[in-house]
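1. Sharing a model prediction with you, sequence too.
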Amino acid sequence: MNIAFPLCKKPFSILLLTIFLSTSSFSQHYVAKDVKVTILSTMLAQQGIGEWGFSALIEVDSNKLLFDAGGRERTVLENAKELNIDLSTVPTLVLSHWHDDHTKGWLTLRKAMVSVAPTALSKTHVAKVFFDVRFSNDGKDSSSRKKDSTAYVYTGGKIIEHRFFEEILPGVYVTGNVPRVYNEKNYYPEAKLKSADNHFIEDNIPDDMSLVIATKEGLVLISGCGHAGIINTITHINKNLAGQSVIAAIGGFHLLKSSDEQIQWTADNLKKAGVKYFMGAHCTGIDAVYQIRNYLSLKRGDCVVGSVGDTFDIHNGFTCGDLNR
């Protein structure tokens, strides 16, 4: 069930509505025939603008959605234009978590597209806790996502919050909040949250949310930073889409400061999950990608460093420039 916030000019408190949904293993009804992923924001770029951020256009049969909005306000707009991608035809946006390098273009994109097509980027999906105020180590608070959300709703946009694993389009799922079964601490302790009893606690980015696409060949995982941990995320996926192999993992996985032992453990579990294609973009780390390629015994073209303009097609794998192979 999707619950959308209506257009209104009421206090932001309406955006803090918590959606409690029952969860169980899904009976998979729809399997996508065609899937294409195009990278619109990451550091490496042979075309367009490189930046510390992430965004990707996801095309699943006749549906399109944007996953994350880049680290600067206009990067995704400029890169889409250079790649001849028309974002006015994309109605849905998924934001993987609250960090600026994934959300900075959110309002800019919506405002640029709404005059062309009112439905463009008019629905935004986030996980529970996305809008919670964060506090720096010196006690200063940041409510930037709340402010962005209010402005977004004023444009006619609708925000849908997910706590649990849920289908948002035929064959397309969001993970909601990912349980931390394994100690994959793929984040830096740079911010604090306030607990229910008003104490500061570590912000382990509980709103980290990934996207999953069901295909005949297997599942395709799209991640922004993977702060919840890629293996925790896959474990969560397996509980909800039992019996399906994760054949492709694409996006940021925050392995750049992981030890060799951690990367080996990650690779071992990726192999168990059935991963045949791996693209490490954004915060994954170039060396980590090469280590995973070696541990999984993947071909050069099947395990790559993500670059602006690179694509993944469920039938043909990756199409990349020479630089990032």
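-> Arrived safely, thanks for sending. Residues are numbered from 1 along each chain as shown.
2. now the helices for the stretch 1-150 of the chain?
-> 75-82, 100-103, 106-114, 144-154 (DSSP state H, counting those that start in this stretch).
3. How about the first one, which residues are buried there?
-> Read it as helix 75-82. Within helix 75-82, the residues that qualify as buried by neighbour count (16 or more other C-beta atoms under 10 Å) are 75-80. The way it works is simple: take the backbone N, C-alpha and C, and place the C-beta from them, glycine included.
4. Likewise for the longest one?
-> Within helix 144-154, the residues that qualify as buried by neighbour count (16+ other C-beta under 10 Å) are 145-146, 148-149, 152-153.
5. same thing with the shortest one?
-> When burial is assessed from 16+ other C-beta under 10 Å, helix 100-103 yields the following buried residues: 101-103.
6. For the stretch 201-325 of the chain, which segments count as strands?
-> Secondary structure of the stretch 201-325 of the chain (DSSP state E, counting those that start in this stretch): strands at 211-214, 219-223, 246-252, 277-281, 303-305, 307-308, 311-313, 317-319.
7. now for those, which one comes closest to residue 93?
-> strand 211-214 (11.2 Å; C-beta to C-beta).
8. quick one: contacts of the lowest-mean-pLDDT helix or strand in the chain?
-> Lowest on mean pLDDT, DSSP states H and E among the helices and strands of the chain sits strand 141-142, with a mean of 76. Contact with strand 141-142 is made by 133-136, 191, as judged by C-beta atoms under 8 Å, 6 or more residues apart in numbering.
9. picking up where we left off before, can you put the buried residues of helix 144-154 in CSV and add distance to residue 179?
-> Output for the buried residues of helix 144-154, formatted as CSV (distance: C-beta to C-beta, whole Å):
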residue, distance to residue 179
145, 23
146, 26
148, 27
149, 25
152, 29
153, 30
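10. List just the nearest of the residues you listed to residue 61.
-> residue 152 (27.0 Å).
11. Test my guess that that closest one contacts residue 131.
-> No. Using C-beta atoms under 8 Å, residue 152 makes no contact with residue 131, being 11.3 Å away.
12. wait, which of the buried residues of helix 100-103 is closest to residue 275?
-> Closest to residue 275, out of all of these and judged by C-beta to C-beta, is residue 102, at 22.7 Å.
13. Distance check, the closest one against residue 36.
-> Going from residue 102 to residue 36 by C-beta to C-beta, to the nearest Å gives 21 Å.
14. and if you look at residue 46?
-> 19 Å.
15. Residue 65 now?
-> Distance from residue 65 to residue 36, by C-beta to C-beta: 12 Å.
16. out of the two, which sits in the more crowded spot?
-> With neighbours defined as other C-beta atoms under 10 Å, residue 65 and residue 36 compare such that residue 65 has more, 22 against 16.
17. ok so, going back, would you reformat the helices of the stretch 1-150 of the chain as TSV and include mean pLDDT and distance to residue 164?
-> Shown next, in TSV, are those (pLDDT from 0 to 100; distance: least, C-beta to C-beta, whole Å):
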stretch	mean pLDDT	distance to residue 164
helix 75-82	98	28
helix 100-103	95	21
helix 106-114	96	23
helix 144-154	91	21
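18. Distance to residue 300 added to those, as TSV?
-> Formatted as TSV, the helices of the stretch 1-150 of the chain follow (distance: least, C-beta to C-beta, whole Å):
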stretch	distance to residue 300
helix 75-82	25
helix 100-103	28
helix 106-114	34
helix 144-154	39
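19. Let me know which of these is the nearest to residue 304.
-> Judging the helices of the stretch 1-150 of the chain by C-beta to C-beta, what sits closest to residue 304 is helix 75-82, at 18.1 Å.
20. Give me the residues contacting that closest one.
-> Residues from elsewhere that reach helix 75-82 (C-beta under 8 Å, 6+ apart): 40-41, 45, 47-49, 51, 53, 55, 57, 66, 69-70, 86-87, 105, 108-109, 112, 308-309.
21. So which of those sit within strands?
-> If you go by DSSP state E, the contacts of helix 75-82 have 40-41, 45, 55, 57, 66, 308 in strands.
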